[in-house]
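Peer 1: turn this into a structure:
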Amino acid sequence: MRLGTCLLLAVVSAGLGLGLRLAVPVTPVDASFREVMRLYQSQGGAEGSNMAETSSP
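Peer 2: Numbering: from 1, shown residues only. Take a look at the predicted model:
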């Protein structure tokens, strides 16, 4: 593909994404989801990773 075609597709994709974002309302988090998150947090919270690449020093 030529550069102009790629740029045009990028602009169209961005425009469609923005249009979709504006057209579809964001659904707020419901109470049952918050309850599940509280349950997970009460079980010990976030622990360190078992992978050396992602664990904190």
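Peer 1: what residue is smack in the middle of this protein?
Peer 2: Most central in the chain under CA atoms, centre = their mean is residue 26, positioned 12.8 Å from the mean C-alpha point.
Peer 1: does that one belong to a helix, a strand or coil?
Peer 2: Assigned with DSSP: H, G, I helix; E, B strand; the rest coil, residue 26 falls in the coil class.
Peer 1: give me the distance between it and residue 17.
Peer 2: Noted for residue 26: a distance of 14 Å to residue 17, by CB to CB, to the nearest Å. (Each C-beta comes from the backbone N, C-alpha and C, glycine too.)
Peer 1: quick one, phi psi at the residue nearest to the centre of the chain?
Peer 2: Note on residue 26: its backbone torsions stand at phi -80, psi 130 [degrees, to the nearest 10].
Peer 1: what sits against it?
Peer 2: Applying CB atoms under 8 Å, 6 or more residues apart in numbering to residue 26 gives no contacts.
Peer 1: do the one 5 residues further on as well
Peer 2: For residue 31, no residue counts as a contact, taking CB under 8 Å, 6+ apart as the criterion.
Peer 1: mind checking how far it is from residue 5?
Peer 2: For residue 31, the distance to residue 5 equals 48 Å [CB to CB].
Peer 1: show me the shaky parts of the protein.
Peer 2: 44-57 (pLDDT under 70).
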